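In: coords please:
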Amino acid sequence: MDTTVDNVDAVGAQRNRPSGFRYWLPAIVLMVTVILAFFDKISIAVLFSDPAFLSDFGIAGDKTKLGWLMSIFLLAYGLSSVFLSFVGDIFGPKKILLCGIASWGVLMLLMGLTNSFYMLLFYRVLLGIAEGPLLALCYSIVKQNYTESEQARASTLFLLGTPLGAALGFPLTALILQNYHWEATFFFMSFITIFLFILVFFGLKGITYVKANRKSVDHKTNFTTLLSSKPFWLVTFFNVGTLAYLWGLNSWIPTYLIEAKGFDLKQFGSLSMIPFLAMLIGEIIGAFNSDRFPNKRALQVFGGLFGAGVTMFLLIYQQSVVNVLIFMSASAFLWGFNVSAIFALLANTTAKEVATTAGGIFNGFGNFGSALAPVIIGYIVVYTGNIDYGIMFLAGVAIVSSFFLLPLLKKY
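Out: Sure thing, here's the model as predicted:
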């Protein structure tokens, strides 16, 4: 069973935890959870180029509606992250995680059974609400079960779920779509949540978390504390640009490569993994760099997002498949180098007593603030008739957002 205490720190938790693989098992389980959650988020983007899917829902040629399928999810996801993440402080992160996973499976099943665009939108809203607290719960578990010197690596393990989810999810969805109808993609995602539920149930046994209840958790005080923290809000605003890049990339890159760069579905399925593997490598290198130079995390995070935006802008002017992959991979690598240290930087700017609340606001505000990026890109494409302008917008958001960290470069 889970260890629940009134006052715990990561050092104390370490003394009561096994060593080796068992010690890192919770972070690995969280990584697998984020991978499969990411499948649910981004698999629909591959369907944006599927004629049968577009025809069945009556949205062929309407890129604004396609953008809303991602943006409506992110709006609900962001609100849920802010307003529901605190339940992890009350009931414990594992219980809330298991409830969320069960609901993901049901909702993916329902998505595969509907032919109504508006019902699909509704289910995407519910999925966003169900997945919203996920990263805050992961952040809370890591912060309370690993030492400060380990937190970047532990955080990176679950954050690796982002590039791994895309690296595996896009080609897997494309493969299913090549052999079956679009409904099969949703049914498959629903089926694998059964195994995820079992993995989380057994894999998170013995985790330690701060005991809290409705009386002991003063959310108003926690929020007031965070409200007065300038570094916390600078990192949070920066995160809007970080996530706008991520969601814009994952929402439109399949369509961009197929329509603007001439990839076919089979080619996309086989090559789409490369940039996300580069992102994975960036996160791994960035995690070790962050733990080695903990006082330079702000510089690492700033440079990563700024570089990702610049290389994304240069991608627009590439024509050959090789050059497209090189610049997209470089951009993804730099984004991964950035994000591997962002939760550790967040931990430096917040106290452990407000860990879940801080993580929820950070993740929720970031997702809510970046939620409109996919639909804005859709409107840009419809208005201009050129998807390159949508990618240019995405690059600009990343570059501008990186400047929020300039005041923190010396201290953090």
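
In: ok, residue 281 - contacts?
Out: Residue 281 makes contact with 333, 336, according to CB atoms under 8 Å, 6 or more residues apart in numbering. (C-beta placed from N, C-alpha, C; glycine too.)

In: roughly how far out does the helix or strand harbouring it sit from the chain middle?
Out: Using DSSP states H and E, the element containing residue 281 is helix 273-292. Centroid separation between helix 273-292 and its chain, computed with CA atoms, centre = their mean, to the nearest Å, is 15 Å.

In: List the buried residues in stretch 305-320.
Out: Neighbour counts using 16 or more other CB atoms under 10 Å place 305-313, 315-316 of stretch 305-320 among the buried residues.

In: In helices only, show me these.
Out: Within the buried residues of stretch 305-320, residues falling in helices by DSSP state H are 305-313, 315.

In: is it possible to export these to JSON lines including pLDDT?
Out: Formatted as JSON lines, these follow (pLDDT from 0 to 100):
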{"residue": "305", "pLDDT": "94"}
{"residue": "306", "pLDDT": "95"}
{"residue": "307", "pLDDT": "95"}
{"residue": "308", "pLDDT": "95"}
{"residue": "309", "pLDDT": "95"}
{"residue": "310", "pLDDT": "96"}
{"residue": "311", "pLDDT": "95"}
{"residue": "312", "pLDDT": "93"}
{"residue": "313", "pLDDT": "94"}
{"residue": "315", "pLDDT": "91"}
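
In: just curious, which of those is nearest to residue 177?
Out: residue 315 (24.9 Å; CB to CB).

In: In this structure the closest one contacts residue 327, no?
Out: Yes: between residue 315 and residue 327 there is a contact under CB atoms under 8 Å: 4.2 Å.

In: Three-state assignment for residue 60, please.
Out: In three-state terms, and counting by DSSP: H, G, I helix; E, B strand; the rest coil, residue 60 is coil.

In: ok, it touching residue 50?
Out: No: with contacts counted by CB under 8 Å, residue 60 stays clear of residue 50, the gap being 10.2 Å.

In: Name the residue in those two with the higher neighbour count.
Out: residue 50 (18 against 11; other CB atoms under 10 Å).

In: Tell me the predicted confidence for the more buried one.
Out: pLDDT for residue 50: 85.

In: Now do the helices in the stretch 51-200 of the chain.
Out: Counting by DSSP state H, counting those that start in this stretch, one finds helices in the stretch 51-200 of the chain at the ranges 51-56, 63-84, 87-91, 93-113, 117-131, 134-145, 151-159, 161-179, 183-203.
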